[in-house]
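# I'd like to go over a predicted model; first the sequence, then the structure.
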Amino acid sequence: MKPAPFEYVRAASVREAIALLDHDDAKIIAGGQSLVPMMNFRLAQPERIVDINAIAELSGIREDGSDIVIGSLVRHAEAMRSPLLARHFPVIAEAMHHVAHLAIRNRGTIGGSLVHADPSAEWPLLVALLDGEIVAEGPDGCRTVKADEFFVAPLVTEIDETEILVAVRFPKPAPGAGMAFDEVARRAGDFAVASAGALVSVEDGVMREVRVALGGVGDGPVRATAVEEELTGRVADKVSISDTVELACEGLEPETDIHASAEYRLSLVPVLVRRVLERAVLRAGAGAA
Amino acid sequence: MNELPRKTQGLGDEALAMARPKYVGKAVQRLEDPRLLTGAGRYVADIRLDRMVHAAFLRSDQAHARISAMDCDAARAMPGVIGVFTAEDFADIPVISAPSRMRDYRATKCTVLAADKVRYVGEPVAVVIARDRYIAEDALALIEVDWEPLDVAADAESAAHSNAPLLHEELGTNILFERVFETGSADDEMAAAPHRVSGRFRIHRKTPLAIEPRSYVAEPDRANDGLTLHGSTQVPGIIRDILSGLLDLPGNRIRVVAPDVGGGFGGKGSLYPEEIAVCALARKLARPVKWVSDRSEDLCSTSQGFDETIEAELGFADDGTLIALKGQVTGDVGAYSIYPWTAALEPVQVVSFLPGPYRIPHYRGEVKGVATPKPPTGPYRGVGRPASVFVTERLIDMAAAHLGIDPAEMRRRNLVSETEFPYRIGSGIVWDRSGFAECLDEACSRVGYEGLRRLQQEARAAGRWFGIGIATYAELTGIGSRISVAPGMPINTGTETASIRIDSTGAVTATFAVASHGQSLETTLAQIVAEELGVRPEDVRVVHGDSGATSHGTGTYASRSAVLGGGAAIVTSRVLRDKIRRVASHLLEAAAEDIETGDGRVFVTGTDKSMSFAEVAHAVYSDMKALPADAREILEASESFDPVTGTTTTATHIATVEIDPETFAVKIGRYLVAEDCGRMINPLVVDGQVHGGVAQGIGAALLEELSYDRTGQLLTGSLADYTVPTAVEVPHIDVVHLETELPGNPGGFRGMGEGGTIGAPAAIANAISDALSPLGVGVTELPVTPERLFRLVSEARNKTDTEK
Ligand SMILES: Cc1cc2nc3c(=O)[nH]c(=O)nc-3n(C[C@H](O)[C@H](O)[C@H](O)COP(=O)(O)OP(=O)(O)OC[C@H]3O[C@@H](n4cnc5c(N)ncnc54)[C@H](O)[C@@H]3O)c2cc1C
């Protein structure tokens, strides 16, 4: 379990990192929590490692007009503790509690997590749920990619090997929107067997905006659009929700692996969707729950 | 026993020093902790020697294949590589085979590296020696092997067929052993029994998974043409003895030392090809050779455990009285019969312990072990008993449910009772008096069993799946020379020797052949020696795990070290204390009978005359005027102890679980263990062993499974896929200690290091079955994962749907 030989370089700026990536087989290292295990198993054998941890412009969480911008180097633990995120997206901290263990959360980054693109990971689901936009910079400059275009396949994203994910932009939700996240995993800290997130805004007892995202049941995060459409405009109560949750399974073809069969995964989808929707409705209007 | 008797308060120093027991039974803080917790421990991986080189093993990625060609040239040519070695380089080392006197047993032949074919994924086929481990692993990638794949029968059932592909052609079969145990007439009585329950039970393969993986450094001693192996092993004595033969070196030129060892759980209790290889290469290269297993290697090369299918049936009367038990055990034992325990170790213990602590007049148990293309199985904490207790305790609950009797009451009616000991169960094991019923009753009362049953009714009424599970078991521990730890094994595991000496400074060193690797023996053995000799535990240095320090001894496994090592500590300390008293009688001018020891001093009772151990030692060794020449006794003693038979340890575990009816997640609520391990040496240590054991049992019950596909490939090759319980999955565990009657060994000790793992799988399986009983679902397969529960419940629901 020793990695194959590689060259290590530390970049001081995004520009420098992009220059260093102009190499046959270079890879960025952020928190190293996914890349290093892959290298130790020799599943990844990059010739050059470009360390971006010293690049100040990739850090920090800030407000930018109607958006909240999270720098790609923001660690899971930092996101979990951020007052700014807690105000606008309490669901992020709720989800981060499920990401791995303390030591991994202290190192792992939002950027690494999104580019690694594990279908069961929490950040991809959150980006899908919160209509996040990924900001990438390459030799030809900056571009933004929407969540539904970003995740191509398990461990494959829209981002090019010559590009750096610099930040993620989240539009602030309508005031009073309720949010919730839940998942089923074998043990605390394991990747989810299935996960779900919801965002609901309620006006006069009626659901106005409904968003539901699922993890662990597709090639990447999936929006349960059938549920979203069906629930929009319905009375915000348990009956409407339980009437609708089965729709979340529409079109899903989850994988069978040693942790869970496709059938078991599928059986969890309506359960999780109901749980997060009920919780989100309860929290809606109540501000950050 | 926990506090000094009140009347000793206010007495003089002498009386206080001599108050007994002073240390045995006390919660003495672990003496090894300051070292281990401050990073001052020394594990094999910490050993760095001059000119040391590093080994990496190329392992088979095929389950069953012939090696048609191997090309190591590119690897050999790599800068930093010192050599690449294959089977032919070890041709002078005899083939390894684990003998047994058991009838119908077939030993397998194993070479250090696979010679012409491989028999499991992970089997070593070549070894690279390089300047560092990185280079060694880079070179592995350059070795090319041409495989000729052979047919694979990946599970015991298919491998047992007469036309199955043979792993060891010379044996003519994959069945390595078969055995039958019979008492009474189980067939007839079963047929005649008014009630019967039965099931086909399955417990899946596990890995011992010590935090520290197996590691070895072989250090040649060129001056004496000798060798020291620093190994993370539980059995340095066994390894020394076999290596002496394999390497043709007398025991005084080969030494096996286990330094600090980070857990074993049975996985470090056998002989491994890697430890032979590093020794042979260190001699060949005349340089120290180091190999530290990585986690992936550990998961595919350390001995594995618990892989059985058990068909069992229980017959009983209207009032619940048990009549007959039948069991057929098929063990999936892996590719080789492991040295020294043999492949029979685990499955034969399953069938031996199946009757449990119950009065069952008629028993028939059949067992067979089948070779499969998987890593060899070996000892794993609990050996056989976790499986047998799972089966028997499930059957008892099924019988109770069948008759509508409460499970606790069902057990009470059938446990061997006080007046029946010693009791011989149907497999031939004899239980000595131990608190079978006492533990059950105490566990029920402490856990508030009646109250839990009421809680369950409320929970059920609210649609919740809440269950209570009981497991009562007995095990044989501290086994002496009349019984073999493994069936028919020709080595002696039944005795232990202690050598205790007081040196010229008056300091006490106690040497044992046991090898503590987490059991706290440096504390508990020191407590015993301190107690018997009259010094403080912290004044006793315990030396263990070093074959160079003892003439014979096997190590630490099978819940033996407290009973055998502790027994040897007592008998030896007593001999040494008599020497001290005789010498002191000259120095203090009193009769030896009037001399007592305590707190490192020697007293004449009833007087104020006393002297320190240091002064006695000075008189014996240094001040040649102090004693007449014929009264100078060297302050050393060496005695052996043999408990001859074994002693019975018992416990009852009670668990409650709640299952999420939608996600099938299982949450353990209460967990209580009431156990009788005889006299406790140190309650902190007993609690720690129970806690750790239960955690492993929870793994067996809910989480841990090595899964292999049909081609023999390991699917759970990392700790992301092989899921062990973490602190989050382990509940608070209450432990209650009973001391019903002390066994007839010098300390009154019973072994208890494995018990937690033995009771937990059954208790949890029963709790889950109890929770699901309204659905007619019972657990027959472990681990019972959410996936398995989902299937069980879905099937039950489909069945009731179609019946409607
Ligand atoms: C035991 C364990 C359990 C885990 N459990 C979970 C879990 O439950 N949920 C979960 O979500 N995750 C889990 N993880 C993964 C963890 O969250 C990782 O931190 C995360 O997936 C990767 O982030 P990183 O910063 O460590 O990325 P790295 O490992 O450094 O990189 C991962 C990949 O992203 C690329 N990359 C990194 N940053 C950038 C960037 N800015 N631009 C372009 N490419 C980039 C790298 O080149 C690499 O290909 C677990 C990890 C471990 C070891």
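Happy to help now that I have it.
# average model confidence for stretch B:376-396?
The average pLDDT for stretch B:376-396 rounds to 97.
# tell me which residues in that stretch are buried?
B:376-396 (16 or more other Cβ atoms under 10 Å in any protein chain shown). No exception for glycine: its C-beta is placed from N, CA and C like everyone else's.
# Which residue ranges make up each domain of the chain?
In the absence of a named chain, chain A is used. Annotated domains of chain A cover A:7-51, A:57-171, A:178-285 [automatic domain parsing].
# hmm, I had chain B in mind actually
Using automatic domain parsing, chain B is parsed into the domains B:13-30+B:495-641, B:53-152, B:209-301, B:308-482+B:644-803.
# any chance of those domains in TSV, with distance to A:Val91 too?
TSV is the format used below for the domains of chain B (distance: least, Cβ to Cβ, whole Å):
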stretch	distance to A:Val91
domain B:13-30+B:495-641	43
domain B:53-152	43
domain B:209-301	35
domain B:308-482+B:644-803	20
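# quick revisit: which ones among the buried residues of stretch B:376-396 are found in strands?
Applying DSSP state E to the buried residues of stretch B:376-396, no entry is found in strands.
# Poorly predicted segments of the stretch 501-650 of chain B, please.
Applying pLDDT under 70 to the stretch 501-650 of chain B picks out no residues at all.
# Please list the residues of it that sit near chain A.
Residues of the stretch 501-650 of chain B found near chain A (Cβ under 8 Å from any Cβ of the partner chain): none.
# In the stretch 501-650 of chain B, what residue lies closest to the ligand?
B:Gly518 (24.1 Å; Cβ to the nearest ligand atom).
# Confirm that residue sits in a helix?
No: under DSSP: H, G, I helix; E, B strand; the rest coil, B:Gly518 falls outside any helix and is assigned coil.
# Next up, the contacts around the closest residue to it other than its chain neighbours.
Leaving aside its sequence neighbours, B:Gly518 sits nearest to B:Gly263 (Cβ to Cβ, 6 or more residues apart in numbering or on different chains; 5.0 Å). Contacts for B:Gly263 (Cβ atoms under 8 Å, 6 or more residues apart in numbering or on different chains) come out as B:210-212, B:517-518.
# give me the element the residue in the stretch 151-289 of chain A positioned nearest to the ligand is part of.
Closest to the ligand within the stretch 151-289 of chain A is A:Leu165: 3.6 Å, counting by Cβ to the nearest ligand atom. Using DSSP states H and E, A:Leu165 falls within strand A:164-171.
# gap between that strand and the chain center?
11 Å (Cα atoms, centre = their mean, to the nearest Å).
# how far away is the residue of the stretch 501-650 of chain B closest to the ligand from B:Gly41?
Taking Cβ to Cβ, to the nearest Å as the measure, B:Gly518 falls 12 Å from B:Gly41.
# Neighbour count for these two, which is higher?
The neighbour comparison of B:Gly518 against B:Gly41 (other Cβ atoms under 10 Å in any protein chain shown) goes to B:Gly518, with 22 against 15.
# For the closest residue in space to B:Ala159 that isn't next to it in sequence, which three-state class applies?
Excluding the flanking residues, the one nearest B:Ala159 by Cβ to Cβ, 6+ apart is B:Ala153, at 4.0 Å. Classification of B:Ala153 using three-state DSSP returns coil.
# Hmm, B:Ala153 is touching B:Ala164, no?
Yes: the criterion here is Cβ atoms under 8 Å, and B:Ala153 meets it with B:Ala164 at 4.2 Å.
# anything in contact with each of these two?
With Cβ under 8 Å, 6+ apart, B:Ala153 and B:Ala164 have common neighbours B:Asn174.
# more neighbours, those two?
B:Ala153 (24 against 19).
# Around chain A, which positions in chain B sit nearby?
B:133-134, B:137-138, B:141, B:294-296, B:662-665, B:703, B:707, B:715-716, B:718, B:720-721, B:723, B:725-726, B:728-729, B:785-787, B:790-791, B:794.
# Selecting buried members of those in PyMOL, what would you type?
Applying 16+ other Cβ under 10 Å to the residues of chain B next to chain A, the buried members can be selected in PyMOL as follows:
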select buried, chain B and resi 133+134+137+138+296+663+664+665+703+716+721+723+725+729+785+786+787+790+791
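# Among the residues of chain B next to chain A, which are located in strands?
Per DSSP E, the subset of those in strands is empty.
# how about the strands of chain A, start to end?
So, for chain A - with DSSP E - the strands run A:7-10, A:26-29, A:48-51, A:61-64, A:67-71, A:133-138, A:141-146, A:151-153, A:156-157, A:164-171, A:178-185, A:192-203, A:206-215, A:222-223.
# Most tightly packed of those strands?
strand A:192-203 (a mean of 27; mean count of other Cβ atoms under 10 Å in any protein chain shown).
# can you pull the alpha-carbon coordinates of the longest helix along chain B into CSV?
Counting residues, the longest helix found in chain B (DSSP state H) is helix B:566-587. Taking Å, rounded to 0.1, in the frame of the first residue of the first chain, the C-alpha atoms of helix B:566-587 are listed here in CSV:
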residue,chain,number,x,y,z
GLY,B,566,-1.4,-17.1,37.0
GLY,B,567,-1.3,-20.6,38.5
ALA,B,568,2.5,-20.9,37.7
ALA,B,569,3.0,-17.4,39.3
ILE,B,570,1.4,-18.6,42.5
VAL,B,571,3.2,-22.0,42.8
THR,B,572,6.5,-20.4,41.9
SER,B,573,6.1,-17.4,44.2
ARG,B,574,5.4,-19.7,47.1
VAL,B,575,8.6,-21.7,46.5
LEU,B,576,10.6,-18.4,46.3
ARG,B,577,8.9,-17.0,49.4
ASP,B,578,9.9,-20.1,51.4
LYS,B,579,13.5,-19.5,50.3
ILE,B,580,13.2,-15.9,51.5
ARG,B,581,11.8,-17.0,54.8
ARG,B,582,14.5,-19.7,55.3
VAL,B,583,17.3,-17.2,54.5
ALA,B,584,15.7,-14.5,56.7
SER,B,585,15.3,-16.9,59.6
HIS,B,586,19.1,-16.8,59.8
LEU,B,587,19.3,-13.1,59.4
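# so what strands line up beside the helix or strand that that helix is followed by?
Downstream of helix B:566-587, the next assigned helix or strand under DSSP H and E is strand B:595-598. Note on strand B:595-598: by DSSP bridges, its sheet partners are strand B:601-604 (antiparallel).
# C-alpha coordinates for the partner strand, PDB please?
Provided in PDB are the C-alpha atoms of strand B:601-604 (Å, rounded to 0.1, in the frame of the first residue of the first chain):
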ATOM      1  CA  ARG B 601       9.900  -6.300  53.700                       C
ATOM      2  CA  VAL B 602      10.400  -9.400  55.700                       C
ATOM      3  CA  PHE B 603       9.000  -9.400  59.300                       C
ATOM      4  CA  VAL B 604       9.200 -11.600  62.300                       C
END
